[in-house]
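Student: below are the sequence and a predicted model for it; my questions follow.
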Amino acid sequence: MATMKRVPDRSGRFGPFGGRYVPETLIPAVDELEAAYRQWRGDAGFKAELKEYLANYVGRPTPLRRADRMSEALGFEVYLKREDLNHTGAHKINNTIGQVLLAKRMQKRRIIAETGAGQHGVATATAASLFGLDAEIFMGEEDVRRQALNVYRMKILGARVIPVTSGTRTLKDATNEAIRDWVTNVRTTFYVIGSVVGPHPYPMMVRDFQAVIGQEARRQVIKASGSLPTHIVACVGGGSNGMGIFYPFRNDPVKLVGIEAAGLGLESGHHAASIAVGEVGVLHGAMSYLLQDEDGQIQPAHSISAGLDYPGVGPEHAYLHKSGRADYYAVTDDEALAAFHQLARWEGIIPALESAHAVAWVIREQASLKQQGARVLINISGRGDKDVDTVFALEQGDQGQ
Amino acid sequence: MSERSGSEAIQAAFMAAKASDRAALIPFFTAGFPTLGVLPDLVKAAEDGGADIIEIGIPFSDPLADGPVLQQAASEALAQGTRVQAILDLLGQLPTGIPRVFLTYVNPVLRRGYVPFAAEAREAGMAGAIVPDLPWTESSELARAFQHQGLALIPLVAPTSTDKHMRALKSAHGFVYAVSVTGVTGARQGIDGGVEAMVARIRQAVDLPVAIGFGISTPEQARRLGHVADGVIVGSALTQALMAKRANPAQAVYDFLHPMRLALDSR
């Protein structure tokens, strides 16, 4: 297999994707951030400090283990990478610890972030508290209402949650508002983006901070099974857990499979499958695939899983799709919900609804994967405790009909 | 219509204002707010009120450089079903008047394609465009398409802009849009004290007119900044005036702009 070209290039491009589509005011800020990141990422002191926090605060390495009953039921080998066992319950904290450490090195006292369901907001508030910095978290008013407990979690951690009332009042609008705040307070503020999206250097930097998932998994899966897996499967909203596990395997003979949210079905128009729809555009500072109408207006996304409910996708995923290095498929709300229950029964692990999308694809493709003699590694990006209320309410509602 | 290019029409408008020893007045409206149908009347009222150039916003769903007022105008315009084609068609039917430039975001432009959009904009009688989320480092392809049509892709400069950016202005056309503050659009009480220094830096870098925007709301602010720059841009405050007087938007535009023009005249 040919070695992948190093991306992004100097201008932040992953092939045609990525770049920096932000107001001029922010260009010096992203330049400053890129220079600081390139300086510190190679610094022995920075690397040692990050490693220590990941080990003794986050709880890394996270386990990787063969899913015995699932493997037996499906007729091929399945391994699970347990990002659900991180502090705060998902992979998000790998990135927020990295970015907040960088903010500290850059002597920025104020941290801002966007959040959808609140997982990235909680992970940012956690990191800000750990380092004694002020955090303000932008969250769509609609999400504030739907995710009251996460709002309270952020408050407990000392962060200020700012409800966003513009547009669709969800994640994309929270991101717009965070960018507006950054434009205004650019000299003092560090913007902690939660996924592999945004203007360069964010997609690269977030990928690098999340790549610890794949670096560990590669060692662990070889140790546990004696060889590389045939497939690595991860859910993709913005795509940070996916890039994190894919990246260290990019030059290996391993199929990389990203699973988008098909919501109520691709034909219904209510989904979050930007790559499946495949229309190129610019949102939140980067060129990638988007949900948009004929005029380029961004369309609202839908998924049962709030973490996948985003109308765009990271530019490196767009690049992996276009170059054919990774394959992307979409899984519906119903399939994800079934997989959520199934994994709980097979393995005693309640996955996040996001991660359940990856599990659902593996179940759906059972016949073909079995025939190939597949050894599948699934990234369980987060735990499902946060979704238990949603699933409960949904199922009560169904019974009531 | 004479075969003057869009860039030339913009320059001529600034020169005419300069000839009467004043700064040019540049109002902004969002197409589709309060309705698309009223746009021709707003353009006429702006001309009567003393505008020299008009910026027309193509509304975008995610206007990340705009403050609450212009966000609301764009959402209302889109909620009413304002389409890009309808804006182009309507503008194409207007009589020739003072130069008009688009203000929009990169995605609606990209969606039509840079080259087709440039051709359509020229056919609609436009002289150029401002795209606030297309910084100079990403703009060469659209700039080429615009140049081919004689249109100006108007660059923005911010208080944080670097010398490298200033040097890149040498290849620009039309005028330079100087952003008065680090922030989003919206009326403000005060204007950043560093604006004179920024305008001086721009003038050192390029021989184009400089217009100041972001936060200008009163005739007094316009008069003061009219001493600093070659043009003043008013968007959010004008839109607020429109919001306050929806029943007669053309009158609201005239009533807002005319005192501002008098203030610029009386420098």
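Tutor: Nice, I can see it. Computed from a predicted model, the values in this text were never measured in an experiment.

Student: would you pull up the residue in chain B closest to chain A?
Tutor: residue B:111 (3.2 Å; C-beta to the nearest C-beta). Bear in mind the C-beta positions are built from the backbone N, C-alpha and C, glycine included.

Student: check the offset of the one helix or strand that residue maps to from the chain's centre.
Tutor: Using DSSP states H and E, the secondary-structure element containing residue B:111 is helix B:106-112. Its chain's C-alpha centre and that of helix B:106-112 lie 18 Å apart, by C-alpha atoms, centre = their mean, to the nearest Å.

Student: residues in contact with that helix?
Tutor: Residues from elsewhere that reach helix B:106-112, judged by C-beta atoms under 8 Å, 6 or more residues apart in numbering or on different chains: A:21, A:280-283, A:290, A:292, A:294-298, B:58, B:60, B:62, B:84, B:117, B:120, B:129, B:131, B:133-134, B:138, B:142.

Student: separation between the residue of chain B closest to chain A and residue B:84?
Tutor: 8 Å (C-beta to C-beta, to the nearest Å).

Student: between these two, which contacts overlap?
Tutor: A:295, A:296.

Student: tell me the strands beside the longest strand along chain A, with direction?
Tutor: Longest among the strand segments of chain A by residue count, using DSSP state E, is strand A:255-263. According to DSSP bridges, strand A:255-263 forms sheet pairs with strand A:231-235 (parallel), strand A:326-332 (parallel).

Student: would you mind identifying the next helix or strand past that strand?
Tutor: Criterion used, DSSP H and E; the element after strand A:255-263 is helix A:274-277.

Student: before we move on, the earlier item: among the contacts of helix B:106-112, which ones are buried?
Tutor: A:21, A:280-283, A:290, A:292, A:295-298, B:58, B:60, B:62, B:84, B:117, B:120, B:129, B:131, B:133-134, B:138, B:142 (16 or more other C-beta atoms under 10 Å in any protein chain shown).

Student: for whatever residue of the stretch 201-350 of chain A ends up closest to chain B, which residues are in contact?
Tutor: Closest residue of the stretch 201-350 of chain A to chain B, C-beta to the nearest C-beta: residue A:296 (3.2 Å). The contact partners of residue A:296, by C-beta under 8 Å, 6+ apart, come to A:281, B:60, B:84, B:107, B:108, B:109, B:110, B:111, B:112.

Student: I'd like those residues as TSV, with distance to residue B:251 and pLDDT appended.
Tutor: Shown next, in TSV, are the contacts of residue A:296 (distance: C-beta to C-beta, whole Å; pLDDT from 0 to 100):
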residue	distance to residue B:251	pLDDT
A:281	39	98
B:60	28	98
B:84	28	98
B:107	34	98
B:108	30	98
B:109	33	98
B:110	37	98
B:111	35	98
B:112	34	98
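
Student: quick check, nearest of those residues to residue A:70?
Tutor: Checking the contacts of residue A:296 against residue A:70 by C-beta to C-beta gives residue A:281 as the nearest, at 38.2 Å.

Student: doesn't residue A:295 make contact with the closest one?
Tutor: No - Residue A:281 is beyond contact range of residue A:295, at 10.9 Å (criterion: C-beta atoms under 8 Å).

Student: please report the distance of residue B:102 from residue A:27.
Tutor: For residue B:102 relative to residue A:27 (C-beta to C-beta), the value is 22 Å.

Student: who has more neighbours, the two?
Tutor: residue B:102 (26 against 22; other C-beta atoms under 10 Å in any protein chain shown).

Student: so that one sits in a strand?
Tutor: Yes - per DSSP: H, G, I helix; E, B strand; the rest coil, residue B:102 lies within a strand segment.

Student: OK, contacts around the nearest residue to it once chain neighbours are set aside?
Tutor: Distance criterion C-beta to C-beta, 6 or more residues apart in numbering or on different chains; nearest residue to residue B:102, sequence neighbours excluded, is residue B:129 at 4.0 Å. By C-beta under 8 Å, 6+ apart, residue B:129 lies in contact with B:101, B:102, B:103, B:104, B:109, B:121, B:146, B:151, B:152, B:153, B:154.

Student: list just the nearest of those residues to residue A:149.
Tutor: For those, the nearest to residue A:149 is residue B:104 (39.5 Å; C-beta to C-beta).

Student: residue B:203 contacts residue B:196, doesn't it?
Tutor: No - Residue B:203 sits out of contact with residue B:196 when judged by C-beta under 8 Å, with a separation of 10.6 Å.

Student: so where do the strands sit in chain B?
Tutor: B:24-30, B:54-57, B:100-103, B:128-130, B:152-153, B:156-157, B:176-179, B:210-213, B:231-234.

Student: with chain A instead?
Tutor: A:13-14, A:17-18, A:64-66, A:77-82, A:110-115, A:134-140, A:160-164, A:189-192, A:231-235, A:255-263, A:279-283, A:286-290, A:326-332, A:375-380.

Student: next one: the longest one to chain centre, how far?
Tutor: Its chain's C-alpha centre lies 12 Å from the corresponding centre of strand A:255-263 when counted by C-alpha atoms, centre = their mean.

Student: surely residue A:221 meets residue A:80?
Tutor: No - contact status for residue A:221 versus residue A:80: not in contact, 10.4 Å apart, counting by C-beta under 8 Å.

Student: neighbour count: the two, which is higher?
Tutor: With neighbours defined as other C-beta under 10 Å, residue A:221 and residue A:80 compare such that residue A:80 has more, 26 against 23.

Student: quick check: the gap between that one and residue A:284.
Tutor: In terms of C-beta to C-beta, residue A:80 sits 31 Å off from residue A:284.

Student: hang on, the earlier thing: now do the longest strand of chain A against strand A:375-380, angle only.
Tutor: With axes from the mean of the first three to the mean of the last three C-alpha atoms, to 10 degrees applied, the angle from strand A:255-263 to strand A:375-380 works out at 50 degrees.

Student: leaving aside the residues next to it on the chain, what's closest to residue B:157?
Tutor: Nearest in space to residue B:157, with sequence neighbours left out and distances taken as C-beta to C-beta, 6+ apart, is residue B:178 at 5.3 Å.

Student: typo on my end, residue A:239
Tutor: Closest to residue A:239 by C-beta to C-beta, 6+ apart is residue A:314, at 4.1 Å.

Student: likewise for residue B:107?
Tutor: Using C-beta to C-beta, 6+ apart, the nearest residue to residue B:107 is residue A:296, at 4.2 Å.

Student: tell me where the model's unsure across the chain.
Tutor: Going with chain A. A:1-2, A:399-401 (pLDDT under 70).

Student: chain B is the one I meant
Tutor: Looking at chain B by pLDDT under 70, you get B:1-2, B:189-193.

Student: can you tell me the centre-most residue of it?
Tutor: By C-alpha atoms, centre = their mean, chain B has its centre lying nearest to residue B:55, at 3.6 Å.

Student: which residues touch the closest residue to it other than its chain neighbours?
Tutor: Leaving aside its sequence neighbours, residue B:55 sits nearest to residue B:28 (C-beta to C-beta, 6+ apart; 4.0 Å). By C-beta under 8 Å, 6+ apart, the residues touching residue B:28 are B:54, B:55, B:56, B:57, B:103, B:213, B:233, B:234, B:235, B:238, B:239.
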